[in-house]
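1. any chance you can model this:
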Amino acid sequence: MVLIYNSALLLLSLSLFPYLALRFLSEKKHRTGLLQRLGFIPRRILERRSGKPVVWVHSVSVGEVLAAAPLIEQIRRQFPGYQLLLSTTTVTGHGVCLKKVATPDDLVIYFPLDIPFVVRRIVALFSPRAVLLMETEIWPNLIRETRRRRIPLLLVNGRLSEKSFQQYLRARFFVRPLLRSFSFVAMQTEQGKLRMAKLGAPPTVLEVTGSMKYEAALATVPSQAEVKALRKELSIRTERVIVAGSTHRGEEQFMLRAYLELRQKYPDLFLILAPRHPERFPEVENLLRQKNIPFILRSARTKATSECRVMLLDTLGELAKFYALATVAFVGKSLTQKGGHNPLEPASCGKPVLFGPHMDNFREVAQVLTSEGGAVELADFHDLVSAFDRLLADGDSAREMGRRARKSVESRTGCVNLTVTKLRHSLSTATKTAR
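-> Residues are numbered from 1 along each chain as shown. Here you go, the predicted structure:
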C-alpha cells in the first residue's frame with residue numbers, strides 16, 4: 001500500500017514540478033526550512049543533542065503548537081531523562097514554537113517531507129523513543145519507518161471533521177493498516193472516536209481524552225497582579241471595558257458603531273480593538289481617523305484619557321492578557337466572515353464571551369460555552385449592541401456569565417495527564433521490548 005502511495009507521490013511531484021518551482025522562487029515561505037524538510041538538519045541543531053533519548057512531538061501550525069504547549073511542559077517535568085524534539089510544518093508555527101514553547105534544551109526542526117529516504121534520515125539522526133503527532137497527522141512513510149524500528153507512535157488531541165472523514169473513508173483500504181500502527185489514538189470527542197473506529201483503528205488503542213486546547217487556554221491567563229499592572233500602565237480606571245479580539249474586515253466597523261452608540265449611555269466605556277492580522281493595523285487606524293474617534297496605539301505605550309477611550313492593539317502576542325481586562329469580550333471572524341477564532345482565551349479569563357453565527361472552526365467549543373451559559377451567539381449588529389448593553393448595565397450578570405465560561409473550560413481539563421500516562425506506558429513497553 002505504501003508503495004502505491006510513493007509511486008503516486010512521485011508522479012504528482014513530477015507533474016507539478018513547474019508549479020512548485022515557481023512557488024519556491026517567488027515565495028519566501030516555501031523556501032524557508034527547505035533543506036530541513038529534505039532531511040538536512042543544520043549542525044547548530046545537531047550539536048545541541050544532549051545524549052539523552054528523544055521524544056518527538058509534531059504540531060502542524062500555530063494552533064496545534066499552542067495546544068501542545070501544556071503537554072510539552074508536562075513531558076519536560078515528568079521525563080527529565082529525555083530530550084524533546086519539536087517539529088512544525090508551517091513557518092509561522094515554527095516561529096511560535098521557538099518563541100513561546102521551546103526551551104534552549106529542546107531541538108526544533110521543520111517536519112520532514114514524507115519521502116522514504118528523507119524520513120529514514122531524520123529518524124536515524126534523532127532515534128526517537130516515541131513519536132507524538134498532534135491532531136490528525138497520518139504520514140505513511142513516517143508510520144512505516146516507526147513501525148519498522150518499533151518506535152511507539154501516538155496520535156494525540158485527535159480530531160476528524162466530517163469532510164476529512166469522508167475523504168479517508170473512500171481510501172479506507174489504505175488508511176486501515178496505517179491506523180493499526182499506532183499504539184495510542186486519542187480523540188477529542190466521542191464522535192471522533194467512532195469515526196476512527198470506522199476507518200479501522202483498533203478499539204484497544206482508541207480513547208476519548210478531550211481537547212488540550214482547554215488546558216492551553218488556561219495556561220495563558222495572566223495573574224491578578226499582571227492585570228492590575230496593565231490597568232495602571234494604560235490608566236484604565238473604568239470597569240466597563242469591551243475587548244474585540246481577532247477581528248476581521250467589517251467587524252471593526254460594527255464595533256465602532258456599537259461603541260459610539262453605547263458611549264451615549266456609558267460615557268466611561270473603553271474599547272480595545274485587536275485586528276487578527278498585523279497587515280491590517282494601518283487599515284483600522286485609518287478607519288478610526290476617518291470616524292474622528294480619538295485613540296491610542298498599544299505600540300506607542302500611551303495612556304488613556306477622558307477624551308481618548310479607544311485603543312488599537314497593534315502588537316502581537318498580548319491579546320490573552322488584554323482579554324483579562326474585559327467586562328465583556330467579542331471574538332472575531334464570526335460576525336461578518338465564516339470561521340471564527342478561539343473563544344477559550346476570554347472564557348478562561350472568566351469573561352462573558354460574544355461571537356457571531358459563523359463559528360465553523362470552533363463549533364464544538366462555541367456550543368459548549370453557549371449551552372452552559374458562558375457565551376452568547378449573535379445574529380447581527382442589533383444583537384451585538386443589545387448584548388453589550390445588557391452586560392455593561394448589569395455587572396452581576398456579566399460576572400456570573402464569566403464564571404460559567406471559566407467553569408466550562410476548567411471542567412474539561414485532564415487531556416494532558418491522560419496523554420502523559422499513555423506516553424509513559426508506551427516508553428516502558430518499548431524499553432522492555434528492546435531488552
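
2. quick check: which element contains Met401?
-> helix 395-410 (DSSP states H and E).

3. now that helix: mean pLDDT?
-> Confidence for helix 395-410, expressed as mean pLDDT, is 97.

4. then stretch 72-88?
-> 97.

5. list the buried ones in it?
-> Buried residues in stretch 72-88, counting neighbours by 16 or more other CB atoms under 10 Å, are found at 72-76, 79, 82-88. The C-beta positions use only the backbone N, C-alpha and C, and glycine is treated the same way.

6. which helix or strand in this structure has the lowest average pLDDT?
-> helix 17-26 (a mean of 54; mean pLDDT, DSSP states H and E).

7. what's near enough to touch the most centrally placed residue in the chain?
-> In the chain, the centroid-proximal residue (CA atoms, centre = their mean) is Gly63; its distance is 1.9 Å. Shown in contact with Gly63 (CB atoms under 8 Å, 6 or more residues apart in numbering): Asn342.

8. over to the one 5 residues further on?
-> Under the criterion of CB under 8 Å, 6+ apart, the contact list for Ala68 reads Val57, Ser59, Val101, Met134, Asn157, Met212, Ala216.

9. so where do the helices sit in the stretch 51-200 of the chain?
-> Ranges of helices in the stretch 51-200 of the chain, per DSSP state H, counting those that start in this stretch, are 62-78, 91-96, 116-126, 140-148, 162-170, 172-179, 190-199.

10. and of those helices, who's closest to Leu273?
-> Taking CB to CB, helix 62-78 is the member of the helices of the stretch 51-200 of the chain nearest to Leu273, at 21.2 Å.

11. which helices and strands does the top helix by length along the chain pack with?
-> Identified as the longest helix of the chain according to DSSP state H is helix 415-434. If you count contacts as 3 or more CB pairs under 8 Å, 6 or more residues apart in numbering; DSSP states H and E, helix 415-434 packs onto helix 62-78, strand 128-134, strand 153-158, strand 184-187, helix 213-219.

12. list the buried residues for that helix?
-> Applying 16+ other CB under 10 Å to helix 415-434 flags Cys415, Val416, Leu418, Thr419, Val420, Lys422, Leu423, Ser426, Leu427, Ala430 as buried.

13. with stretch 225-239 instead?
-> Val227, Leu230, Arg231, Leu234, Ile236.

14. please save the CA atoms from the longest helix of the chain in CSV.
-> What follows is helix 415-434, C-alpha atoms only, in CSV (Å, rounded to 0.1, in the frame of the first residue of the first chain):
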residue,chain,number,x,y,z
CYS,A,415,-6.3,15.5,28.4
VAL,A,416,-2.7,16.3,29.1
ASN,A,417,-2.4,13.9,32.1
LEU,A,418,-4.1,11.1,30.2
THR,A,419,-1.7,11.6,27.3
VAL,A,420,1.3,11.6,29.5
THR,A,421,0.2,8.4,31.2
LYS,A,422,-0.1,6.7,27.8
LEU,A,423,3.3,8.0,26.8
ARG,A,424,4.8,6.6,30.0
HIS,A,425,3.3,3.2,29.2
SER,A,426,4.5,3.3,25.6
LEU,A,427,8.0,4.2,26.6
SER,A,428,8.1,1.5,29.3
THR,A,429,6.7,-1.1,26.9
ALA,A,430,9.2,-0.2,24.2
THR,A,431,12.1,-0.4,26.6
LYS,A,432,11.0,-3.9,27.7
THR,A,433,10.6,-5.0,24.1
ALA,A,434,14.1,-3.7,23.2
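
15. make TSV out of the helices of the stretch 51-200 of the chain and add distance to Pro222.
-> As requested, those are exported to TSV (distance: least, CB to CB, whole Å):
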stretch	distance to Pro222
helix 62-78	16
helix 91-96	18
helix 116-126	36
helix 140-148	38
helix 162-170	35
helix 172-179	40
helix 190-199	32
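
16. nearest to Glu251, out of those helices?
-> Short answer: helix 62-78, nearest of those by CB to CB, at 20.1 Å.

17. out of the helices of the stretch 51-200 of the chain, which is closest to His358?
-> Per CB to CB, nearest to His358 of those: helix 162-170, 16.7 Å.

18. got the angle for the closest one vs helix 172-179?
-> Helix 162-170 runs at 100 degrees relative to helix 172-179, counting by axes from the mean of the first three to the mean of the last three CA atoms, to 10 degrees.

19. give me the contact list for helix 162-170.
-> Outside helix 162-170, the residues that reach it (CB under 8 Å, 6+ apart) are Thr136, Leu160, Val175, Arg195, Lys198, Leu199.

20. ok so, going back, what sits up against the longest helix of the chain?
-> 55, 70-71, 74-75, 78-79, 129-130, 132, 150-152, 154, 156-157, 183-184, 186, 188, 207, 209-212, 214-215.

21. where does the prediction get shaky in the stretch 301-435 of the chain?
-> The stretch 301-435 of the chain contains residues with pLDDT under 70 at 431-435.

22. in it, which spans are strands?
-> Secondary structure of the stretch 301-435 of the chain, counting by DSSP state E, counting those that start in this stretch: strands at 310-312, 328-331, 353-355, 375-377.

23. figure out which of these is closest to Pro267.
-> strand 310-312 (13.4 Å).

24. run through the residues that contact the nearest residue to Tyr214 once chain neighbours are set aside.
-> Nearest residue to Tyr214 in three dimensions, chain neighbours excluded: Arg412, at 4.4 Å (CB to CB, 6 or more residues apart in numbering). If you count contacts by CB under 8 Å, 6+ apart, Arg412 has them with Gly210, Ser211, Tyr214, Val368.

25. what about the last one, distance to Ile151?
-> Read it as Val368. Using CB to CB, to the nearest Å, we find Val368 at a distance of 35 Å from Ile151.

26. which one of the two is surrounded by more residues?
-> For Val368 versus Ile151, neighbours defined as other CB atoms under 10 Å are more numerous around Val368 (22 against 19).

27. and the closest residue to that one other than its chain neighbours, what is it in contact with?
-> Of all residues not flanking Val368 in the chain, Ser408 sits nearest, at 5.6 Å (CB to CB, 6+ apart). Taking CB under 8 Å, 6+ apart, we find Ser408 in contact with Ala347, Val368, Leu369, Glu372, Gly374.
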